[in-house]
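Novice: A predicted structure for the sequence below; I have some questions about it.
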Amino acid sequence: MISAATIYAEFGDVSRFSSSKARAYAGFAPRTKQSGGSESHSGMIRGNKYLRRAFFLVARVARKSERFKEYYDRLVSRWKSATKLVLLVGSLLVFVITL
């Protein structure tokens, strides 16, 4: 309940964001650095810290639900970092909200 209230309070009207802008606002978009012809991706954009925390907590619970368990298990077979996987699920949740 508290996470839902936090997400609603911080996002406001979700329709004002495109999916990619919402992910960046919530702090789930990758940071891209460009210089000349080279491009690198390192870390995440710093977004709204309250949104990021709320989505992180919701994603920790969602990874065990029927809807996201298959997605999470598929990622576990490829990666080892549980924190990164929870952030991916959180990013997916931001995408689902903005549909």
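Specialist: Nice, I can see it.
Novice: Tell me who's in contact with residue 94.
Specialist: 19, 22-23, 26, 28, 55 (CB atoms under 8 Å, 6 or more residues apart in numbering). (Each C-beta comes from the backbone N, C-alpha and C, glycine too.)
Novice: now those residues in CSV, with secondary structure, pLDDT and neighbour count?
Specialist: Listed next are the contacts of residue 94 as CSV, based on DSSP: H, G, I helix; E, B strand; the rest coil; pLDDT from 0 to 100; neighbours: other CB atoms under 10 Å:
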residue, secondary structure, pLDDT, neighbour count
19, helix, 80, 13
22, helix, 84, 21
23, helix, 84, 23
26, helix, 84, 30
28, coil, 79, 25
55, helix, 83, 30
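Novice: Let me know the closest of these to residue 2.
Specialist: The closest of the contacts of residue 94 to residue 2 turns out to be residue 55 (CB to CB; 12.9 Å).
Novice: buried sites along the longest helix along the chain?
Specialist: For the chain, the longest helix by residue count, based on DSSP state H, is helix 82-97. Using 16 or more other CB atoms under 10 Å as the test for burial, helix 82-97 gives 85-94.
Novice: Contacts for stretch 32-42, please.
Specialist: 30-31.
Novice: Check the offset of that stretch from the chain's centre.
Specialist: Put simply, stretch 32-42 sits 22 Å off its chain's centre (CA atoms, centre = their mean, to the nearest Å).
Novice: what do you get for stretch 21-32?
Specialist: The chain centre lies 8 Å from the centre of stretch 21-32; the measure is CA atoms, centre = their mean.
Novice: before we move on, the earlier item: just put the buried residues of helix 82-97 in a markdown table and tack on pLDDT and distance to residue 79.
Specialist: Putting the buried residues of helix 82-97 into a markdown table (pLDDT from 0 to 100; distance: CB to CB, whole Å) gives the following:
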| residue | pLDDT | distance to residue 79 |
| --- | --- | --- |
| 85 | 79 | 6 |
| 86 | 78 | 11 |
| 87 | 78 | 11 |
| 88 | 78 | 9 |
| 89 | 79 | 12 |
| 90 | 80 | 15 |
| 91 | 79 | 14 |
| 92 | 79 | 14 |
| 93 | 82 | 18 |
| 94 | 84 | 19 |
